[in-house]
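Peer 1: Show me the folded form of this:
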Amino acid sequence: MAASQTPSPDTSMSALASRICDHIASVFSKPTPHPPALDVLVSELSAAASRGGRVFLYGVGREGLMMKALCMRLAHLGLPAHSVLDVTTPPIAAGDLLLASAGPGGFPTVDAICSAARAHGGRVVLLTAQPGAGACAGHASAVAHVPAQTMADDGAEGSRALLPMGSVYEGAMFVLFEMVVYRLGEALGESPEAVRSRHTNLE
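Peer 2: Presented below is the predicted three-dimensional model:
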């Protein structure tokens, strides 16, 4: 049986974890001409809650998985939250809010869903790393700028990044959403007990 090998300091599990976390944390210190994404999201979600609006969330691929995770937590906070394309998702209407993610600035499906939401009177907030690219920003009522690397700008061909393709953006989404949930819980006056009580008991 081969002897176990000790990983080098820069590739050990804790070192890799620290490098990944540091990389994602650096996204939130980058300068941007837009208001902080955390403030935009908490403000928009608080406003939707105060007017009795529903919240719809959409994204493609791994971005979509992050949006589903946020949708779950918004439901735990007591908001009527729905993932677009679920079979139980109701129609969007005036007073409702769509949160849509398009890291590179646009995707055909995201563009179409944002356009439809606006046409039906919904308010649209776009999460993106590149607000000046693509067509999605043209449908947005507000932009939550997350200035992270996406698959559209992940470096030279053949390079091997620790966080490849859109992983920096997607990781930043997860961290941002945890901050949103924390701040929104305070803004809505939701106790930890109330939040926990809304978790499913059918698992």
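
Peer 1: Sketch out the strands for the chain, chain order is fine.
Peer 2: Along the chain, the segments classed as strands by DSSP state E run 55-58, 81-83, 97-101, 123-128, 142-145.

Peer 1: What mean pLDDT does the fourth one get?
Peer 2: Read that as strand 123-128. On average, the pLDDT along strand 123-128 is 98.

Peer 1: sorry, back to before: could you dump the strands of the chain into TSV with mean neighbour count and distance to Lys68 added?
Peer 2: C-beta: built from backbone N, CA, C; applies to glycine. Output for the strands of the chain, formatted as TSV (neighbours: other Cβ atoms under 10 Å; distance: least, Cβ to Cβ, whole Å):
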stretch	mean neighbour count	distance to Lys68
strand 55-58	25	7
strand 81-83	20	5
strand 97-101	27	11
strand 123-128	26	14
strand 142-145	20	17
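
Peer 1: how about JSON lines for those strands, with distance to Asp39 added?
Peer 2: Rendered in JSON lines, the data for these read as follows (distance: least, Cβ to Cβ, whole Å):
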{"stretch": "strand 55-58", "distance to Asp39": "17"}
{"stretch": "strand 81-83", "distance to Asp39": "20"}
{"stretch": "strand 97-101", "distance to Asp39": "14"}
{"stretch": "strand 123-128", "distance to Asp39": "12"}
{"stretch": "strand 142-145", "distance to Asp39": "9"}
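
Peer 1: So for His34, which of these sits nearest?
Peer 2: strand 142-145 (4.0 Å; Cβ to Cβ).

Peer 1: Can you give me the pLDDT of Ala48?
Peer 2: pLDDT, Ala48: 98.

Peer 1: picking that back up, Ala152: which of the strands of the chain is closest?
Peer 2: strand 123-128 (10.6 Å).

Peer 1: And Ala15, how far from Pro164?
Peer 2: Distance of Ala15 to Pro164, computed by Cβ to Cβ, to the nearest Å: 18 Å.

Peer 1: what about Ser14, neighbour count?
Peer 2: 9 (other Cβ atoms under 10 Å).

Peer 1: Low-confidence regions, this structure specifically.
Peer 2: Along the chain, segments meeting pLDDT under 70 span 1-9, 154-159.

Peer 1: which stretches of it form helices?
Peer 2: Applying DSSP state H to the chain gives helices spanning 13-27, 37-50, 61-76, 108-119, 167-188, 192-197.

Peer 1: Show me the residue sitting in the middle of the chain in space.
Peer 2: Nearest residue to the geometric centre of the chain (Cα atoms, centre = their mean): Met173, 4.1 Å.

Peer 1: Now do the same contact list for that residue.
Peer 2: Glu63, Met66, Met67, Ser101, Leu127, Val146 (Cβ atoms under 8 Å, 6 or more residues apart in numbering).

Peer 1: Check the gap between the closest residue to Gln149 other than its chain neighbours and Gly61 for me.
Peer 2: Of all residues not flanking Gln149 in the chain, Val168 sits nearest, at 4.2 Å (Cβ to Cβ, 6 or more residues apart in numbering). According to Cβ to Cβ, Val168 stands 14 Å off from Gly61.

Peer 1: Likewise for Ser50?
Peer 2: 32 Å.

Peer 1: Likewise for Gly103?
Peer 2: Distance, Gly103 to Gly61, by Cβ to Cβ: 9 Å.
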